[in-house]
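Undergrad: Sequence first, then the predicted structure:
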Amino acid sequence: MNICLLGLSGSGKTCYLYTATHVLARGVEVNGHIISATSSNRQQAVRLNKGIEQMASGIWPEGSVTTMTYPFDLKIDGKSVFPFTIYDYRGGMLNGLSDEDQDDVEEIFDTFEESSCIVILVDGDTIMQALEPGVLSPTHRQNVSFAAQLKARNEVNYIESLVKECNERMSRNVPILLAITKSDIFFPDELDAGKRLLKELLPSVFSLRNDMIVGITAITLGEDLHNECGKLSGTLCLNTDGNVHLPILFALFQNIDEIGEDADTEEARLLIRKLFSSNKINFYRGGKVAFIV
Ligand SMILES: Nc1nc2c(ncn2[C@@H]2O[C@H](COP(=O)(O)OP(=O)(O)OP(=O)(O)O)[C@@H](O)[C@H]2O)c(=O)[nH]1
Ligand SMILES: [Mg+2]
């Protein structure tokens with residue numbers, strides 16, 4: 001089973017992966033059980049550890065130059081339930097126009113064949129710039145320009161064409177998780193407006209005329225995080241407070257039916273579902289608010 005982390009360059013995929021996999025390796029408690037996911041490849045485990053250690057020492061990772069593949073095992077109370085693989089792409093390929101970019105994009109569509117959920121990381125900075133100045137706090141309003149807003153809206157719109165292409169290639173509507181990254185930069189009202197804007201700018205994803213399953217959540221890797229010339233300032237939070245566990249668990253949840261019906265898999269499904277509280281993640285089906293079952 002594959003989990004594809006999609007998002008334009010700089011949306012936060014690699015930092016997210018380092019943080020989320022560190023949190024999931026330690027495990028999340030639910031109903032007296034621990035759900036965890038650990039890297040099943042020694043070399044990649046070292047790479048992930050180095051990534052989060054570097055962030056903890058105050059340095060953001062550099063932009064990805066190639067796609068990285070990380071195999072994991074999902075575990076309940078330390079017992080392996082099933083394997084899965086996370087793909088961390090080079091976001092620049094998605095809206096790049098070179099032949100190499102086009103070839104790389106073809107490659108990612110191949111990996112989609114084995115994934116029954118697409119996780120799209122939507123850059124929080126982009127959402128902030130795409131919002132109408134009227135809904136922004138006075139401090140954020142100062143940074144708005146017409147050109148930046150237009151560019152940001154185009155970037156969000158681009159997701160729509162990506163989803164459309166995925167659905168066409170897979171001949172069905174694939175469940176989607178939209179994760180707004182960098183939620184620490186928003187005031188609560190702004191984040192709510194950002195979620196509304198996402199629905200407005202992605203009409204086919206939230207259309208009443210299809211049956212698409214969509215989750216929306218907002219994630220942050222900490223508090224008051226900033227990047228000055230690659231230096232990380234602020235507080236990294238290596239726990240579930242910033243919702244980092246949710247996108248990966250949502251993707252696993254959507255895939256679980258295809259894995260089999262043994263007792264451990266079913267238990268994993270029930271435990272994961274308990275983590276989806278409505279103040280952390282919202283679901284839509286055919287454009288309407290839905291409850292996950
Ligand atoms: N405030 C804040 N900034 C974040 C957060 N996560 C990531 N960032 C910023 O986003 C930048 C880009 O993150 P990356 O993970 O490298 O982005 P990417 O999507 O992997 O980009 P490519 O590798 O080019 O596709 C980081 O260097 C940080 O400055 C967050 O939770 N909060
Ligand atoms: Mg990256």
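TA: Sure, I can see it. Ligands and ions are numbered 1, 2, ... in the order given.
Undergrad: for the helix or strand hosting Tyr16, packing partners?
TA: Assigned by DSSP states H and E, Tyr16 falls within helix 13-26. Judged by 3 or more C-beta pairs under 8 Å, 6 or more residues apart in numbering; DSSP states H and E, the packing partners of helix 13-26 are strand 2-6, strand 33-39, helix 42-56, strand 68-76, strand 79-88, helix 245-255. The way it works is simple: take the backbone N, C-alpha and C, and place the C-beta from them, glycine included.
Undergrad: And that helix, how far out from the chain middle?
TA: 11 Å (C-alpha atoms, centre = their mean, to the nearest Å).
Undergrad: rewinding a little: okay if I get the helices and strands packed on helix 13-26 as a markdown table plus mean neighbour count and distance to ligand 2?
TA: Supplementary listing: the helices and strands packed on helix 13-26 in a markdown table, determined by neighbours: other C-beta atoms under 10 Å; distance: least, C-beta to the ion, whole Å:
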| stretch | mean neighbour count | distance to ligand 2 |
| --- | --- | --- |
| strand 2-6 | 22 | 9 |
| strand 33-39 | 19 | 17 |
| helix 42-56 | 15 | 10 |
| strand 68-76 | 19 | 8 |
| strand 79-88 | 18 | 6 |
| helix 245-255 | 24 | 15 |
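Undergrad: would you turn the ones you listed into a markdown table with mean pLDDT?
TA: Putting the helices and strands packed on helix 13-26 into a markdown table (pLDDT from 0 to 100) gives the following:
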| stretch | mean pLDDT |
| --- | --- |
| strand 2-6 | 91 |
| strand 33-39 | 98 |
| helix 42-56 | 98 |
| strand 68-76 | 97 |
| strand 79-88 | 95 |
| helix 245-255 | 95 |
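Undergrad: Among these, which comes closest to Arg26?
TA: Arg26 sits nearest to strand 33-39 of all those, at 7.0 Å, using C-beta to C-beta.
Undergrad: quick one: that closest one to helix 42-56, angle?
TA: Angle, strand 33-39 to helix 42-56, by axes from the mean of the first three to the mean of the last three C-alpha atoms, to 10 degrees: 100 degrees.
Undergrad: any idea how far strand 33-39 is from the chain center?
TA: 18 Å.
Undergrad: With only the CA atoms kept, save that strand in CSV.
TA: Output in CSV follows, covering the C-alpha atoms of strand 33-39 (Å, rounded to 0.1, in the frame of the first residue of the first chain):
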residue,chain,number,x,y,z
HIS,A,33,-3.6,0.5,22.9
ILE,A,34,-0.6,2.0,21.1
ILE,A,35,-0.8,2.5,17.3
SER,A,36,2.7,3.1,15.9
ALA,A,37,4.5,3.0,12.6
THR,A,38,8.2,2.2,12.3
SER,A,39,10.5,2.3,9.4
